[in-house]
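Engineer: based on what follows, work out the 3D shape:
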Amino acid sequence: MLESKLSGMGRRYPSQPVAGVGAIVLADDQVLLVRRGQAPQKGWGSIPGAVELGETLAEAVAREVREECGLEVRPGVLVEVFERILRDAEARVEYHYVLMDYLCELEGGTLRAGDDAADAAWVPLSQLDELAMTRGTPAVIRKAHAMRAQVSP
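Structural biologist: Model prediction:
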């Protein structure tokens, strides 16, 4: 009941798209991934990120990585902007996100799963196609890796 009263204000059955961020954190040939602990797509691999009211996109990226993974990062270049629209069995929009993914530089911390992440781990890029991940995630990670290779000495 409460969810139906709040549906226009929440993430589920929103009245408008919800802004989100993603942190692509690379270390050598590995990427930081979280296993989603909540809907939508609970249990799937994803990159950490969400925006709270009043914070900048860069603040959101850094906070999400700290809360979900225990790591400190510095957000860098924007890698990609895309939409994720998930519909229910009746074709109603259940979730609608506009996501902005940033390439981040690792600055410190200790890796641990926290907040709403069921797990957090460094995953070899060579294993991306073997994991159940949210749609578009492997492609944006590869794009970020290519971008990093172009700017690294």
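
Engineer: pull the longest helix from the protein.
Structural biologist: helix 137-151 (DSSP state H).

Engineer: buried residues in that helix?
Structural biologist: 137-138, 140-141, 144-145, 147-148 (16 or more other Cβ atoms under 10 Å). Bear in mind the C-beta positions are built from the backbone N, C-alpha and C, glycine included.

Engineer: off-centre distance for that helix?
Structural biologist: Taking the mean of its C-alpha atoms, helix 137-151 sits 15 Å from the chain's own mean (Cα atoms, centre = their mean, to the nearest Å).

Engineer: and the helices in this structure, which stretches?
Structural biologist: 2-6, 57-69, 137-151.

Engineer: those helices: lowest mean pLDDT?
Structural biologist: The minimum mean pLDDT among the helices of the chain belongs to helix 2-6 (a mean of 33).

Engineer: related to what we said a few turns ago, closest to Val21 out of the buried residues of helix 137-151?
Structural biologist: Val140 (12.2 Å; Cβ to Cβ).

Engineer: in contact with the closest one, which residues are there?
Structural biologist: For Val140, the contact set (Cβ atoms under 8 Å, 6 or more residues apart in numbering) comprises 22, 24, 47, 79-80, 82, 101.

Engineer: out of the residues you listed, which end up buried?
Structural biologist: Neighbour counting by 16+ other Cβ under 10 Å classes 22, 24, 47, 79-80, 101 among these as buried.

Engineer: and the least confident of the contacts of Val140?
Structural biologist: Ile47 (79).

Engineer: in this structure it contacts Ala139, no?
Structural biologist: No. The criterion here is Cβ atoms under 8 Å, and Ile47 misses it with Ala139 at 11.8 Å.

Engineer: please enumerate the strands of this protein.
Structural biologist: With DSSP state E, the ranges of strands along the chain come out as 18-27, 30-36, 45-46, 71-87, 93-109, 117-124.

Engineer: dump these to JSON lines, plus distance to Glu55.
Structural biologist: Listed next are the strands of the chain as JSON lines, based on distance: least, Cβ to Cβ, whole Å:
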{"stretch": "strand 18-27", "distance to Glu55": "10"}
{"stretch": "strand 30-36", "distance to Glu55": "19"}
{"stretch": "strand 45-46", "distance to Glu55": "20"}
{"stretch": "strand 71-87", "distance to Glu55": "12"}
{"stretch": "strand 93-109", "distance to Glu55": "13"}
{"stretch": "strand 117-124", "distance to Glu55": "19"}
